[in-house]
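1. Need a 3D model of the sequence below.
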Amino acid sequence: MTYGLIAFHDIVEHERKDIEVRKFWQELRGNKKEIISDKKQGWGGIGILDNRNCGDCCDCCKQIRIHTDQMSEDIKRWIELHGLCVEGDYVRVDVPCSKLLNSKCSIYETRPNVCRDYECNKL
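-> Predicted coordinates:
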């Protein structure tokens with residue numbers, strides 16, 4: 001999944017309660033920059049989200065996801081017997097990556113495709 005720069009307008013808390021851009025903005029993950037003259041201005045402001053690189057949650061490094069198509073029936077049975085988490089077509093095993101150091105990927109630039117292709121549901 002590829003991301004880039006995304007700009008939002010009206011990220012300041014709005015005086016109208018039905019406009020929730022600020023709430024949405026605060027829920028987004030990644031490197032964010034706010035351009036706001038006055039936080040009490042009642043609306044406006046620009047938010048720039050830079051997702052050209054991963055966010056900082058490292059969820060993809062805290063678990064292993066294995067596609068069920070790559071498993072024998074015996075392995076699927078073992079997974080069921082051990083109560084591992086099945087999410088759609090994947091089995092999630094909560095084992096952190098050995099390359100995760102200080103909450104960051106220590107081989108980010110040379111990480112394998114299985115890491116690059118991970119579809120983060122936090123963004």
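2. got the CA coordinates for the lengthiest helix in the chain in CSV?
-> Scanning the chain for the longest helix, with DSSP state H as the assignment, gives helix 73-81. Extracted in CSV, the C-alpha atoms of helix 73-81 (Å, rounded to 0.1, in the frame of the first residue of the first chain):
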residue,chain,number,x,y,z
GLU,A,73,-4.4,-29.0,6.5
ASP,A,74,-2.3,-30.3,9.4
ILE,A,75,-0.9,-26.8,10.2
LYS,A,76,-4.5,-25.4,10.0
ARG,A,77,-5.6,-28.0,12.5
TRP,A,78,-2.7,-27.2,14.8
ILE,A,79,-3.7,-23.5,14.7
GLU,A,80,-7.2,-24.3,15.6
LEU,A,81,-6.2,-26.6,18.5
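3. Do me a favour and average the pLDDT over that helix.
-> Mean per-residue pLDDT for helix 73-81: 86.
4. which other residues reach that helix?
-> Residues from elsewhere that reach helix 73-81 (CB atoms under 8 Å, 6 or more residues apart in numbering): Thr68, Met71, Val86, Val91. C-beta: built from backbone N, CA, C; applies to glycine.
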